[in-house]
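[1] dropping the sequence and predicted coords here.
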Amino acid sequence: MKLISLYQECYPQTLSKIQILAETIELDFIKKDLPKILSSIKIGAERICEIVLSLRNFSRLDEAEIKRVDLHEGINSTLLILGNQLKGQGKYLDIEIIKEYGELPQVDCYPGQLNQVFMNLLTNAIDTLRESIVGCRVPKSNIISAENQQRTNNNPQIRIVTEVLDSYQVMIRVIDNGCGMTEEVRQKIFDPFFTTKPVGSGTGLGMSISYQIVDKHGGQFKCITQPLQGTEFQIRIPIRSKLY
């Protein structure tokens, strides 16, 4: 482009053939558009690289054994994979993710399996918030406030809180501000094949498998919810595993 500009500067009176070709290929437009195209390609390549690394981190295919890992990496990779589902489409609003990460030590776990738990929890929360926007009105008291700013009652949110409970275990909390569940549904949430979704929309195995994974790690999986009060899932995981 610099060479072409220099030619145009040094030879303002070009041959008619060159002028015709420049107009045919829309040279002025190309000069403006090509940098934008290259920038888009660069951004796309970086995005692909980021997604591939996150998928690798999420699946941890090369780490089928117990590993000492940073749980935040797994949560962040899961959020990146689900990024498109968090964006508003049509009648749905963007789902806001609020991270309240504590300073967690690395935890002994099966990384791929625990990432699957995060995926199931976040996918369920997204589905719940989509249904809540259509199916019920959430009271203002149930809206999560971040940085002391009161949110409007049509702003779907998922809050992810991590903390060290003691020298032996950590806790991950996934909290949505959706419609919540009845006590009857809550008691069945970890049962195999139980689902509140329409026929053909879910297997009813996600939460059951997640419960088994957490139990396998020697942890505890708990659901706290009430109608119109949102839902909170709590996972307690030992920092050091006895599975070694």
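    In hand now; what should we look at? Owing to the predicted nature of the structure, the values given are computational and were not obtained by experimental measurement.

[2] give me the neighbour count for Leu15.
    9 (other C-beta atoms under 10 Å). Where you see a C-beta, it was placed from the backbone N, CA and C, and this is true even at glycine.

[3] read off the pLDDT value for it.
    On the pLDDT scale, Leu15 is placed at 80.

[4] quick one, phi psi at it?
    phi -70, psi 150 (degrees, to the nearest 10).

[5] distance of it from Pro111?
    65 Å (C-beta to C-beta, to the nearest Å).

[6] helix or strand for Lys99, which one?
    Assessed by DSSP states H and E, Lys99 sits inside strand 96-100.

[7] could I get that strand in PDB with only the CA atoms?
    Backbone C-alpha positions of strand 96-100 (Å, rounded to 0.1, in the frame of the first residue of the first chain) are rendered in PDB as follows:
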ATOM      1  CA  GLU A  96     -24.400 -11.200  33.300                       C
ATOM      2  CA  ILE A  97     -21.700 -13.300  35.000                       C
ATOM      3  CA  ILE A  98     -20.500 -12.000  38.300                       C
ATOM      4  CA  LYS A  99     -17.200 -13.600  39.500                       C
ATOM      5  CA  GLU A 100     -16.400 -13.400  43.200                       C
END
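
[8] name every strand pairing with the helix or strand that it is followed by and say which way it goes.
    Later in the chain than strand 96-100, the nearest helix or strand by DSSP H and E is strand 107-109. Next to strand 107-109 in the sheet, as set by DSSP bridges, lie strand 67-69 (antiparallel).

[9] list the buried residues of the partner strand.
    67, 69 (16 or more other C-beta atoms under 10 Å).

[10] helix or strand next in line after it, which one?
    Counting by DSSP H and E, what follows strand 67-69 is helix 71-81.

[11] other SSEs contacting that next one?
    Secondary-structure packing of helix 71-81 (3 or more C-beta pairs under 8 Å, 6 or more residues apart in numbering; DSSP states H and E): helix 27-59, helix 111-135, strand 157-164, strand 169-176.
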